[in-house]
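Chemist: I'd like to go over a predicted model; first the sequence, then the structure.
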Amino acid sequence: MKSLVEKRKIGLALGSGAARGLAHIGVLKAFEENGIEVDIVSGSSAGALIGAIYCCGVKPKMIENIALNIDRKLWIDLTVPKRGFVKGKKVEELVKLLTGNRNIEDLNKKLFIVATDLKTSSEYIFTEGPIYRAVRASISIPGIFEPVKHGDMILVDGGVIDRVPATVVRDMGADIVIAVDVGFSGEPGRINHVFDVILQSIDVMSRQISTNKIISADIVIEPDVSHIKSSRFDKVEECVIKGYEAAMEKMEEIKRVIDGK
C-alpha cells in the first residue's frame, strides 16, 4: 500500500495576482522545508513566472533573493502605448536567463503555463517550447504589457480566464491537487499611476467573475495578502512570509492527504 501512495502525483496550481504572487515563493519554501515533492506545476501570470523558475531547479530561497535584488530597469521597457505600455523584451530576456533558455518539455517536473487568447476568448496552455516565451505570454497584463502573437493567437495574461489553474493540473495527471490563491487587493488606497488604474480594474473584474467559481483542488492555500496592491513589487519579504505562514498552517492537512489518510 505504501508504494502505491508514494506513486501518487502531486500537482501545484499557482494563481495570478501580480505582486501578491510573490507569496508563492513562501509556499515553495514551506514545501521544501517539509519535504513535499511536487511533480506537476501549472501557473497563471505571476504563478507561471515563479512556477517556471522553480521547475528549472532554482531553490525558493534563491528565487526570493532574485526578487529582492532585481532592479526594475532590468525588466521594464516602456514604449509609446499602442497595445501596451511595456514592450516585454527585457522581461523576456530576464526569464530566458533565469530559466537557462530551456524548453518546457525538457524539465524534470511537468510544467503547464496558462495564457488567454484574445481572438477566441479561450484558454491556451503551453505544454512545450521555450519557457521564456510561454511566461512572457502568461504575464501579459492587458493594457500594461504588449500581447504576444503566437501562431494565429493574440495571447495575454492567463489570469484573465483561469486565475488559479487547478483544473489544468488535475487534467494533466495530478492525483493530488494543491492550489495557491493569492486573491485580490482589498482597499484600493491611493491610485497614483495609470498602472494602478489598470491593475485595480482587473482586480475588480476578476473578483466579480470569481464570486461563484469554486477552485477544484484537494487543498487551497490562501496567503493573507489582500492588503498588498498589485503594483507593490517592493513587498517581497512580506509576501514571502505570508505565503510561508499560509502553507505551514495547511501543512498537517497536506501531509494527511499525501499519505492517503
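Modeler: Perfect, thanks for sending it.

Chemist: Please count neighbours and contacts with C-alpha atoms only from this point.
Modeler: OK.

Chemist: Which residue ranges of this protein form strands?
Modeler: For the chain, strands defined by DSSP state E occupy the ranges 10-14, 40-44, 84-86, 110-117, 122-126, 143-145, 148-150, 153-157, 176-180, 219-221.

Chemist: between these, which gets the lowest average pLDDT?
Modeler: Note on these: lowest mean pLDDT is at strand 84-86, with a mean of 55.

Chemist: List the residues that contact residue 115.
Modeler: With contact set as C-alpha atoms under 8 Å, 6 or more residues apart in numbering, residue 115 has these partners: 44-45, 123-126, 134, 137-138, 155-159.

Chemist: Just the buried ones from those?
Modeler: Applying a neighbour-count criterion of 16 or more other C-alpha atoms under 10 Å, the buried members of the contacts of residue 115 are 44-45, 123-126, 134, 137-138, 155-159.

Chemist: so where's the protein uncertain?
Modeler: The chain contains residues with pLDDT under 70 at 1-6, 71-88, 185-213, 261.

Chemist: Closest to the centroid, which residue in it?
Modeler: Centroid-nearest residue in the chain, with C-alpha atoms, centre = their mean: residue 47, separated by 0.6 Å.

Chemist: Not counting sequence-adjacent ones, nearest residue to it?
Modeler: residue 14 (4.4 Å; C-alpha to C-alpha, 6 or more residues apart in numbering).

Chemist: ok, that neighbour touching residue 52?
Modeler: No: between residue 14 and residue 52 there is no contact, the gap being 10.4 Å when judged by C-alpha atoms under 8 Å.

Chemist: Which of these two has more residues huddled nearby?
Modeler: residue 14 (32 against 29; other C-alpha atoms under 10 Å).

Chemist: To what extent is residue 36 buried, counted in neighbours?
Modeler: Each residue near residue 36 was counted by other C-alpha under 10 Å, and the total is 16.

Chemist: quick one: it from residue 257, how far?
Modeler: 12 Å (C-alpha to C-alpha, to the nearest Å).

Chemist: which stretches of the stretch 151-261 of the chain form helices?
Modeler: With helices called from DSSP state H, counting those that start in this stretch, the stretch 151-261 of the chain shows them at 166-171, 194-210, 236-249, 251-258.

Chemist: what's the third one packed up against?
Modeler: It refers to helix 236-249. helix 23-33, helix 60-69 (3 or more C-alpha pairs under 8 Å, 6 or more residues apart in numbering; DSSP states H and E).

Chemist: check contacts around residue 183.
Modeler: Contacts of residue 183 (C-alpha under 8 Å, 6+ apart): 17, 20, 222, 225, 226.

Chemist: can we see that at 7 Å?
Modeler: Shown in contact with residue 183 (C-alpha atoms under 7 Å, 6 or more residues apart in numbering): 17, 226.

Chemist: Quickly note the distance from it to residue 227.
Modeler: Residue 183 is 10 Å from residue 227, by C-alpha to C-alpha.

Chemist: just residue 145 next, same as before
Modeler: Distance from residue 145 to residue 227, by C-alpha to C-alpha: 24 Å.

Chemist: Having no further points to raise, I will conclude here.
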